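A.B. asks: Have a look; sequence and predicted model below, questions after that.
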Amino acid sequence: MNITFIGGGSYRTLPIVRAAMQEKQIFEGGEIRLVDFNLERVETVARMIKKTPEYKEVNCKVTFTDKLEEALPGADMVSVSFPVGSYKTCELSNEASLKHGIFGGDQLSLSGAFRSLTGGAVLLDIARKMEKHCPDAWLVDFANPVAVYSGLVNNHTKIKALGICAGFVNHRWDLNRLIFDKDEINNDFQVSSAGVNHLSFILRGTCRGRDLYEMIGERLAQKNWEPCKITAYPKAQDHIHYALRIAAEMYQRFGKIIFSTEWDGMCNLYFEKSMDHFCKNPIPKTAAMIDEDYNNAGISRREHDAKFQSYLDKDLDQKFWDMNFIENPDFAANPNDVTVSILKALSGVSKEWLAASFPNRGAVKGFKDRTVLEYSMFLDKDGITPEADLEVPDCFHGLVTSLATHQTLLGDAIASKDPSILSQALFAYPIQQNSKNVKSLCEELLKIHEKEIAPEFQGAKDYL
């Protein structure tokens, strides 16, 4: 296969490529093409790929460039992984949201909606170039908001696009913590899910032949249930414990739990409670403070780049390469990344289960075909087969419908640059829907993002 990685200088590239090269069939006789505006960083990643033990066992080329159209002809898959929007604009957008008493973020939020207007233009341009150079290739998008971009590309171009998320494996951690008190990934869980990215629901599942929800019920029935100690990611223990308690509360009240415990998803589901947890007593950031954070982040990034690059000149033994992903996240193979599963599937190595964002097209009961949802499916070289009998639980259906419609309409607005459709997308967002507070926030967000989005969108003020 010929695989193009846009944002190939990202430090998630090497772990994905290493894991995929362990299946020699994927890249044998093919090419790994890395594209990034930062040539120094992407060259470092390319050279590091060639240094890995897996590369020595595979006959493939590794190239890098800062020119997208050089890396597209003949591609079988195009992977997109890069941040969208300037740091300062995104931070000001999140701060404005908090000022209005609403959470911000890059996915299920109003600030995420405005971020999509910037990134969507980039994704649409990539898809248009793919139509010319590799019309049969899959576009696999990791940049948030993934559902908006999936809807944009699938509903408005000829390209097939999957929106993927790192939260794909969250349930394998959280279920293990919830049921077995073990802070480690457990790939024995098999689940079916449906909803929207960051707010999907586990409909059913098993673990080693046992019914998942029966196991959860037995564990939570024990009077001494408390979230286990978090050792893999100790700095995140407070938030992980909150997510586990939300899962327990959901099961006891609704009989279902979230597929992937992402903070903005929980804020949409438990608005006041999650705002109190994640945004309690926030200290407002001024533009100067955001600039300082950006400068400090730049220093950290340059230090990280230098450290990563220093390994090019080191003799790295097998012990180094064999470290796991938690011990060595920049260099270890990461077979649990969903991109690896997609590469296996599209290359014909295996039929793979995954959860991804894609137009519904009859997969989940009760939704329009073009509405973008996240749902569980099987993927192989012939395409997608949704899991059978997917249906969002009735009590969550209205919320999911609003969020999915909101994101689908955002894709329509980006494709058309129509401010009235943008206003409809913003109206569809369910938190404080159509309130004066939300209208005021949207006007402020239009101003904050003014220099980074199409000028036509400013006309949305006339429809708010």
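C.D. replies: Received, thanks. Everything numeric here is computed off the predicted structure, so don't read it as measured data.

A.B. asks: contacts, neighbours, all on C-alpha from now
C.D. replies: OK.

A.B. asks: Let me know the secondary structure of the closest residue to Tyr87 other than its chain neighbours.
C.D. replies: Distances taken as CA to CA, 6 or more residues apart in numbering put Tyr294 closest to Tyr87, at 7.0 Å, once the chain neighbours are dropped. Assigned with DSSP: H, G, I helix; E, B strand; the rest coil, Tyr294 falls in the helix class.

A.B. asks: Is it correct that Tyr294 is in contact with Thr89?
C.D. replies: No - assessed by CA atoms under 8 Å, Tyr294 is found out of contact with Thr89, at 11.1 Å.

A.B. asks: which one of those two has more residues nearby?
C.D. replies: Neighbour totals were compared for Tyr294 and Thr89, and Thr89 leads with 20 against 15 (other CA atoms under 10 Å).

A.B. asks: Do I have it right that that one meets Ile448?
C.D. replies: Yes - using CA under 8 Å, Thr89 makes contact with Ile448 at a distance of 6.4 Å.

A.B. asks: ok, the residue nearest to Tyr87 to Glu91 distance?
C.D. replies: Going from Tyr294 to Glu91 by CA to CA, to the nearest Å gives 10 Å.

A.B. asks: do Ser200 as well
C.D. replies: Separation of Ser200 from Glu91 (CA to CA): 26 Å.

A.B. asks: again with Asp337
C.D. replies: Separation of Asp337 from Glu91 (CA to CA): 28 Å.

A.B. asks: which stretches of the stretch 101-250 of the chain form strands?
C.D. replies: Under the criterion DSSP state E, counting those that start in this stretch, the stretch 101-250 of the chain contains strands at 138-141, 160-163, 189-196, 199-207, 210-211.

A.B. asks: before we move on, what about the stretch 351-464 of the chain?
C.D. replies: For the stretch 351-464 of the chain, applying DSSP E, counting those that start in this stretch gives strands covering 352-359, 372-380, 383-386.

A.B. asks: Could you dump those strands into CSV with distance to Arg301 and mean neighbour count added?
C.D. replies: Formatted as CSV, the strands of the stretch 351-464 of the chain follow (distance: least, CA to CA, whole Å; neighbours: other CA atoms under 10 Å):
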stretch, distance to Arg301, mean neighbour count
strand 352-359, 30, 25
strand 372-380, 32, 25
strand 383-386, 38, 16
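
A.B. asks: So which of those is nearest Ile126?
C.D. replies: Among the strands of the stretch 351-464 of the chain, the nearest to Ile126 by CA to CA is strand 352-359 (17.6 Å).

A.B. asks: Run the angle between that closest one and strand 199-207 for me.
C.D. replies: Comparing the axes of strand 352-359 and strand 199-207 via axes from the mean of the first three to the mean of the last three CA atoms, to 10 degrees yields an angle of 160 degrees.

A.B. asks: same for strand 352-359, what does it pack against?
C.D. replies: If you count contacts as 3 or more CA pairs under 8 Å, 6 or more residues apart in numbering; DSSP states H and E, strand 352-359 packs onto helix 146-156, strand 160-163, helix 338-347, strand 372-380.

A.B. asks: Next, format the ones you listed as a markdown table and append distance to Ser420.
C.D. replies: Shown next, in a markdown table, are those (distance: least, CA to CA, whole Å):
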| stretch | distance to Ser420 |
| --- | --- |
| helix 146-156 | 17 |
| strand 160-163 | 25 |
| helix 338-347 | 36 |
| strand 372-380 | 20 |
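
A.B. asks: could I get the ones you listed as CSV with mean pLDDT and distance to Asn38?
C.D. replies: As requested, these are exported to CSV (pLDDT from 0 to 100; distance: least, CA to CA, whole Å):
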stretch, mean pLDDT, distance to Asn38
helix 146-156, 98, 23
strand 160-163, 98, 24
helix 338-347, 98, 22
strand 372-380, 98, 32
